[in-house]
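*Asks:* got a sequence here, can you build the structure:
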Amino acid sequence: MAAHRQPIGLGPRAIVRTDPARVKTARIAPAEEPARASASRMRFYGTVAGILVASVAAVGIGASIESPRSFMTRYDYLEARKALDAATRQALSECRPLEAPDRALCRAIARADDRVRKAELESRYRGTVDAESDLQAAKARRQNVVYLKL
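*Replies:* I've put the predicted structure just below:
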């Protein structure tokens, strides 16, 4: 049997000439990475699709739940609030010419009336039970101030 390799030259390092067709090389099996990448890609797309479906469902649920209806628009509320502030300033200015004890009582009554009117406005705007209880509390406080006047 003939040698597959033949040295060329006689120096300290001989060059070996080989016949590539006769030398068996190690065969590498194709990697399974493309299939794995495909599976992880599909998992990613599935996750994204699931998130989109969940977010659309959440938006739909949020749209179907109604918030408490307001009995007036925001613009009307702000205009009424400005009018109340102006009326309060007018009532407080009418207390200026009075003497000190009467002025303090006049100002207390004006502020109590202002709190009741603002609570009424808030109750009409919000339409909630909490706003209604705040209105009742403001009316009770005003009764205490009026009682002091008597």
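
*Asks:* past the longest helix anywhere in the chain, which element shows up next along the chain?
*Replies:* Assignment by DSSP state H gives helix 33-64 as the longest helix of the chain. As assigned by DSSP states H and E, the chain's next helix or strand after helix 33-64 is helix 74-93.

*Asks:* packing partners for that next one?
*Replies:* Counting by 3 or more C-beta pairs under 8 Å, 6 or more residues apart in numbering; DSSP states H and E, the packing neighbours recorded for helix 74-93 are helix 100-126. From N, CA and C alone the C-beta is placed, and that goes for glycine too.

*Asks:* list the buried ones in the helix it packs on?
*Replies:* 106-126 (16 or more other C-beta atoms under 10 Å).

*Asks:* need the contact partners of the helix or strand following it.
*Replies:* Proceeding N to C from helix 100-126, the next assigned helix or strand is helix 129-149, under DSSP H and E. Identification of contacts with helix 129-149 by C-beta atoms under 8 Å, 6 or more residues apart in numbering yields 105, 108-109, 112-113, 115-116, 118-120, 122-123, 125.

*Asks:* nearest to residue 78, of those residues?
*Replies:* Within those, the smallest distance to residue 78 is 9.7 Å, found for residue 125 (C-beta to C-beta).
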